[in-house]
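Trainee: Task: produce atomic coordinates for the following.
(3 chains)
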Amino acid sequence: MNNITYKNGNVYIDDVKNFDLAMTLDCGQAFRWKEDNGVWSGVAFGKRLKISKENESIVFFDTSKEDFENIWSDYFDFSRDYGKIIDDIKSDEILKKASDFGYGIRILNQEPFETLCSFIISQNNNIPRIKGIIDRLCKKYGQKIDDGLYSFPDAETLSKLTANDLSDIRMGFRAKYIIDASQKVASGEVNLSDLFSLDTDTARTELMKIKGVGPKVADCTLLFSLKHFDAFPKDVWIKRAVEVLFPQGLPECANGYKGIVQQYIFYYSRSGNLNI
DNA sequence: TTCCAGGACCGGG
DNA sequence: CCCGGTCATGGA
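Mentor: Below you'll find the predicted structure:
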């Protein structure tokens, strides 16, 4: 990341490559970002952020150098060269098309517990309703950060609840799963921070100790928060797309990049470009 | 009214 | 191992 300026309480990055706010924040990996007149607002790691892009320059409004370096730089995965990834996978014709289309997607490094809960809630659900459930959960059990903005609740808080307590959140059959996840995380039975350094298969097995966490929810947690860039979440869209596009499996050039390749295929197929 | 949504669990074969 | 039914909720 070159050309970072700290001025008037804002952080500016000039000439940003492979970073589109809408593609990254609204592609289904995160559920708490909202756009208003080109400005995206959200909360992560207990901090609020307003961010926009003007003339190839990204502005982080009201953000200290400390928060940028400690939180946002890693959150937006700025240390990874997505241009090189796209370059490496373009030898496959289909991956070239998909990555050209989703060129601005970056993998977010989100809070593990929030990501785990979000994708538990996502099962057999649609995105608008997922967002609504998470919003109500944060408003009721998170900490107030600013007017109308709340942090994602921590595991200790949620571990003390019953399914009945969560009835007004209207998450349905997933409530018991959220409580089980919270209890296992709060007690240390599942130690999320340990999972960064474990190999992907072992980390997935650990996550699947939680009720309501199968391979897909586990892989989303691994990819979108635990830095397992090789995780490849298989939802209904990906299954359909891979069946049609890669009946004999992913091409070799995808090795090492399966996580972002999954996002390119997901974004591409959901855009309607595949006709499947 | 019925169907479906970034799935997982459960039972039975 | 694989299959179908089931699980809450709400918008289309």
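Trainee: ok, stretch A:154-167 near DNA strand B or not?
Mentor: No: judged by CB under 7 Å from any atom of the strand, stretch A:154-167 and DNA strand B are separated, with a smallest distance of 14.3 Å. C-beta: built from backbone N, CA, C; applies to glycine.
Trainee: Could you tell me the end-to-end distance of that stretch?
Mentor: Start-to-end span of stretch A:154-167 (CA to CA, to the nearest Å) is 18 Å.
Trainee: average pLDDT across it?
Mentor: Computed over stretch A:154-167, the mean pLDDT rounds to 98.
Trainee: Any part of it near DNA strand C?
Mentor: Yes: looking at stretch A:154-167 against DNA strand C by CB under 7 Å from any atom of the strand, the contacts come from residue A:167.
Trainee: Give the buried residues for that stretch.
Mentor: Buried positions in stretch A:154-167, judged by neighbour count with 16 or more other CB atoms under 10 Å: A:154, A:155, A:158, A:159, A:161, A:166.
Trainee: now it, how far from the centre of its chain.
Mentor: Centroid separation for stretch A:154-167 versus its chain: 23 Å, with CA atoms, centre = their mean, to the nearest Å.
Trainee: now do stretch A:223-238
Mentor: That offset, for stretch A:223-238, works out to 9 Å (CA atoms, centre = their mean).
Trainee: Quick one: residues in contact with that stretch.
Mentor: A:29-30, A:107-112, A:114-116, A:119, A:192, A:195-196, A:200, A:203-204, A:215-216, A:219-220, A:222, A:242, A:256-262, A:265-266, A:269-270 (CB atoms under 8 Å, 6 or more residues apart in numbering).
Trainee: Can I get it in CSV? Just the C-alpha atoms.
Mentor: Taking Å, rounded to 0.1, in the frame of the first residue of the first chain, the C-alpha atoms of stretch A:223-238 are listed here in CSV:
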residue,chain,number,x,y,z
LEU,A,223,-12.0,-17.9,5.0
PHE,A,224,-13.6,-14.7,6.1
SER,A,225,-12.0,-14.4,9.6
LEU,A,226,-9.4,-17.0,10.3
LYS,A,227,-7.1,-16.3,7.4
HIS,A,228,-7.4,-19.8,5.9
PHE,A,229,-7.1,-18.5,2.3
ASP,A,230,-7.4,-22.0,0.9
ALA,A,231,-10.9,-22.7,2.3
PHE,A,232,-13.5,-23.1,-0.4
PRO,A,233,-17.0,-22.7,1.0
LYS,A,234,-19.5,-24.8,-1.1
ASP,A,235,-22.9,-23.3,-1.1
VAL,A,236,-25.7,-24.0,-3.6
TRP,A,237,-24.4,-21.3,-6.0
ILE,A,238,-20.9,-22.6,-6.0
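Trainee: That'll do, ta.
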